[in-house]
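A.B. asks: predicted model, plus sequence, below.
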Amino acid sequence: MNYQNYVNSLKAMSDENRLKIIELISDRTLCACDLLDYFNFTQPTLSHHMKILEDSGIVKSYREGKWKHYSLNEEFASGFFENTKQLLSSNSKCVCDYNKK
């Protein structure tokens, strides 16, 4: 597991609004204009949240005209689930085993 990438993902998701965004786009692609309907903040604030989610690899986007469309990065989702499963599983190899000499 790449702990630094995992930490970056957790940090990106440590905001209530970003968790809501992830939930909204978990099963569909939404335009930024549609996402704004769910929140009581401005387009620049949404852009800030989306940049954090994109930079961490959680969200992917494409531009259509003046609007960006966002969806959950499926590779991130499957990797995050696997890493979380490994981290919380008693059957996984412990990091302490890697540090033994």
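C.D. replies: Everything's here; your move.
A.B. asks: got the contact list for R18?
C.D. replies: Under the criterion of CB atoms under 8 Å, 6 or more residues apart in numbering, the neighbours of R18 are A12, H49, I52, L53. (Each C-beta comes from the backbone N, C-alpha and C, glycine too.)
A.B. asks: scan those and report the most crowded one.
C.D. replies: L53 (25 neighbours; other CB atoms under 10 Å).
A.B. asks: my read: that residue touches A12, true?
C.D. replies: Yes - using CB atoms under 8 Å, L53 is in contact with A12, at 5.7 Å.
A.B. asks: biggest separation within the contacts of R18, which pair?
C.D. replies: A12 and H49 (9.2 Å; CB to CB).
A.B. asks: local confidence estimate at C96?
C.D. replies: pLDDT, C96: 65.
A.B. asks: again, but for the one 3 residues further on
C.D. replies: At N99, the predicted lDDT confidence score is 59.
A.B. asks: which stretches of this structure have low pLDDT?
C.D. replies: Low-confidence segments of the chain, defined by pLDDT under 70: 90-101.
A.B. asks: where do the strands sit along it?
C.D. replies: Under the criterion DSSP state E, strands of the chain are mapped to 30-31, 59-64, 67-72.
A.B. asks: packed most tightly, which of the ones you listed would that be?
C.D. replies: Of all the strands of the chain, strand 67-72 has the most neighbours on average by mean count of other CB atoms under 10 Å, namely a mean of 18.
A.B. asks: what is the orientation angle of that strand with strand 59-64?
C.D. replies: Comparing the axes of strand 67-72 and strand 59-64 via axes from the mean of the first three to the mean of the last three CA atoms, to 10 degrees yields an angle of 150 degrees.
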